[in-house]
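Visitor: Need a 3D model of the sequence below.
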Amino acid sequence: MAKRILILIAVMAALSGAGTACHHEIKGVARYGQIVTQVKPDSALVYVDGKYYGRARDFARRIDSLTVYPGTHKVDISAEGYKTYSEEISVNPGGLVPIVTDLQPLH
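Guide: Model prediction:
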């Protein structure tokens, strides 16, 4: 009898989703958006709202995109010897915002 109760508890836990990873979605609606960078040089540094996140090449593919909260964000991309590129973007839940630019050399 105790064995049947344990099996029943295990089945109920599995059906309820207990122990599964938490997803960033509520009823199929994404809670975050994504930024993809296609920048030359790809070694340029990426900042979102003043915080450093990595190099442009780190976010060049959708699978490697930078995940952010929905809303308005200021993106700055900089590299030594180049003018800084700045853009204010609007990110929607589940949306993908591509940033495509060639940084201009300093003269």
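
Visitor: Angles on the backbone of residue 62, please.
Guide: Main-chain torsions, residue 62, degrees, to the nearest 10: phi -60, psi -40.

Visitor: what about it, how many residues close to it?
Guide: 10 (other Cβ atoms under 10 Å). The C-beta positions use only the backbone N, C-alpha and C, and glycine is treated the same way.

Visitor: mind checking how far it is from residue 103?
Guide: 22 Å (Cβ to Cβ, to the nearest Å).

Visitor: what's the answer for residue 82, then?
Guide: In terms of Cβ to Cβ, residue 82 sits 4 Å off from residue 103.

Visitor: Mind listing the shared neighbours of the two?
Guide: Jointly contacting residue 82 and residue 103 under the rule Cβ atoms under 8 Å, 6 or more residues apart in numbering are 41, 44.

Visitor: ok, now how distant is the nearest residue to residue 35 once chain neighbours are set aside from residue 43?
Guide: Spatial nearest neighbour of residue 35, excluding adjacent residues (Cβ to Cβ, 6 or more residues apart in numbering): residue 66 at 4.3 Å. Look at residue 66 and residue 43: by Cβ to Cβ, they are 16 Å apart.
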